[in-house]
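Visitor: give me a 3D structure for the following:
(one chain, ligands or ions: 1)
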Amino acid sequence: MRFGIRTLDDIDVNGKTVLCRIDINQPVDKEKKTLKSIARIKACVPTLKELSDSGAKLVLMAHQGSDIEYKNFYTTEPHGKVLSELLGKEVQFIADVCGPAAIEKIKALKAGDILLLDNVRFMSEEQTLFELKLCLTHEQQAQTVLVQKLAPLADYYVCDAFAAAHRDQPSLCGFEQILPSAMGRLFEKEYCVLSELMEAPERPCTFVLGGAKIADAFLMMETVLKAGVADHILTGGLVANILLAAKGEEIGKASMDYIYKSNYGEYIEKAKGLYDTYKSHIVLPKDLAYTEDGVRKEALTGSVPAEAGITDIGSSAAEEYQEYIRTSKTVFVNGPMGIFEEAPTELGTKMVWDALGDTQAYTVIGGGDSITATTKYGKTDAISYICTGGGALIRFLTGEELPVVKALRHGSGI
Ligand code: 3PG
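Guide: Below you'll find the model as predicted:
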């Protein structure tokens, strides 16, 4: 047991059916429908190998895509193929989550077999909107269709999905009410490393916040500023746009429309309060980039053309961020500075990641897009710790107990 949670050392899975929740959610190429990164799939291999080698009949549950931010659910079938290659053994796949076809497949498993179920978010009870609107307790989550159908088939529940540990959804928090539970090796590692690190981060401690996961980013910003953990917060992406809009800066019509269309308007007010209170710690980009007919243009913040849409931080801002990163002792990064997937708009993200590669600071990055950027810019070996979680890392840093940690503590007592 560690932190009051069973580890794989505490369960004997030989010949037993183990339901294992993993997080292999990856950015997907919308046109080609392929996975842009396989980093998270790689990260859960040790747990799956250990369980399968120990004779478990292994049933994997995972999600792909989100209903709120990206509205992009995909099947987990391609993930199964990658997993199969990485494990060097067959990973069966069934295009079903907990219906008769899945149940039949689970019952037919033999010791060492691995079966991947389809995207659990094809079930509405696994969707984040459902979570946020209904706020089911863990006991209520144990009554959902998914848990009621699958739990009777299993002997153990193992959660290795640290990247989704901030979610309060049945595949993550419901099974622990019924089944003896444990955390997988990846979950154990992530939780231990981050717990130790947060006890006393070396100063100066800088946070780099970008990307489009606004609710998480603002929650974290507020908490680390209030707690005095962050000496500097460098902002990019939509996070910066919202802060700039709150300050009354011109960010262009397209960016403003995007904020309101995505229902992030309320964050402008929130950002105003945060900025007024903590302006000496929050760094806004001094210049910004936008594209015109596919060509990158830059303008000083405040001089962005009214019709433009911001696609990146500017090169002066990126240089300034590099300096902060090089002179910090601890750097947490969540989210890119702009649309780094496209050449004209990748400069800010690339420069920030170059500095992460050079700095002597202890660097921690988290989140799907940040991991993709790390791979793209060849910095995987240079980053001190790559956390598979984005939202989970953020929620962890707020000091709140993660829902899955709470559930696993409960399931470790069964
Ligand atoms: C993530 O990508 O942060 C995790 O897989 C959780 O995904 P979610 O934010 O869509 O729940």
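
Visitor: for the rest of this, base every contact and every neighbour count on C-alpha atoms.
Guide: OK.

Visitor: and the residue in the chain that the ligand sits nearest to, what is it in contact with?
Guide: For the chain and the ligand, the shortest gap (Cα to the nearest ligand atom) falls at residue 66, measuring 4.1 Å. Each residue near residue 66 by Cα atoms under 8 Å, 6 or more residues apart in numbering is listed here: 72, 73, 127, 128.

Visitor: how many residues are close by the third one?
Guide: Neighbouring residues of residue 127 were enumerated by other Cα atoms under 10 Å; the total is 21.

Visitor: how far away is it from residue 389?
Guide: 18 Å (Cα to Cα, to the nearest Å).

Visitor: next one: residue 101
Guide: The value you get for residue 101 to residue 389, if Cα to Cα is used, is 31 Å.

Visitor: right, and residue 117 touches residue 94 too?
Guide: Yes: between residue 117 and residue 94 there is a contact at 5.4 Å, judged by Cα atoms under 8 Å.

Visitor: which of the two has more residues huddled nearby?
Guide: residue 117 (25 against 18).

Visitor: OK, contacts around the more buried one?
Guide: 59, 60, 61, 62, 76, 93, 94, 95, 96, 97, 102.

Visitor: show me what contacts the fifth one?
Guide: What it means is residue 76. 62, 63, 64, 116, 117, 118, 119.

Visitor: cool, and the last one?
Guide: Applying Cα under 8 Å, 6+ apart, one finds that residue 102 lies in contact with 94, 95, 96, 117.

Visitor: turn the residues you listed into a markdown table, columns for distance to residue 187.
Guide: Converted to a markdown table, those look like this (distance: Cα to Cα, whole Å):
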| residue | distance to residue 187 |
| --- | --- |
| 94 | 25 |
| 95 | 27 |
| 96 | 26 |
| 117 | 20 |
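
Visitor: circling back to that earlier point, can you say which of the contacts of residue 76 are buried?
Guide: Buried members of those, counted by 16 or more other Cα atoms under 10 Å: 62, 63, 64, 116, 117, 118, 119.

Visitor: so which of the residues you listed are in strands?
Guide: 116, 117 (DSSP state E).

Visitor: quick check: residues of this protein near the ligand?
Guide: 23, 25, 65, 66, 163, 164, 367, 368, 389, 390, 391 (Cα under 6 Å from any ligand atom).

Visitor: surely the last one touches residue 368?
Guide: No: Residue 391 lies out of contact with residue 368 (Cα under 8 Å); the separation is 9.6 Å.

Visitor: bridging residues for residue 310?
Guide: Going by DSSP bridges, residue 310 is paired in beta bridges with residue 290.

Visitor: neighbours of it, how many?
Guide: 26.

Visitor: which ones are touching it?
Guide: Applying Cα under 8 Å, 6+ apart, the residues near residue 310 are 241, 251, 252, 254, 255, 288, 289, 290, 291.

Visitor: try residue 228
Guide: If you count contacts by Cα under 8 Å, 6+ apart, residue 228 has none.

Visitor: tell me where the stretch 151-300 of the chain has strands.
Guide: Secondary structure of the stretch 151-300 of the chain (DSSP state E, counting those that start in this stretch): strands at 156-159, 181-183, 205-209, 232-235, 282-283, 287-292, 295-300.

Visitor: lowest pLDDT pick from the contacts of residue 66?
Guide: Lowest pLDDT within these is found at residue 72 (78).

Visitor: once you drop chain neighbours, what's closest to it?
Guide: Excluding the flanking residues, the one nearest residue 72 by Cα to Cα, 6 or more residues apart in numbering is residue 65, at 5.1 Å.

Visitor: let me see the confidence value for the one you found.
Guide: Looking at residue 65, the pLDDT reads 90.

Visitor: looking at it, it is touching residue 25, isn't it?
Guide: Yes: with contact defined as Cα under 8 Å, residue 65 reaches residue 25; the gap is 6.5 Å.

Visitor: between these two, which one's more packed in?
Guide: Counted by other Cα under 10 Å, residue 65 and residue 25 do not tie: residue 25 has more neighbours, with 26 against 21.

Visitor: next, the more buried one: secondary structure please.
Guide: coil (DSSP: H, G, I helix; E, B strand; the rest coil).

Visitor: just give the closest residue to it, not the sequence neighbours.
Guide: residue 64 (4.7 Å).

Visitor: got the contact list for the one you found?
Guide: Contacts of residue 64 by Cα under 8 Å, 6+ apart are 24, 25, 26, 72, 73, 74, 75, 76, 119, 121.

Visitor: try residue 176
Guide: Residue 176 makes contact with 157, 407, 408, 410, 411, 412 under the criterion Cα under 8 Å, 6+ apart.
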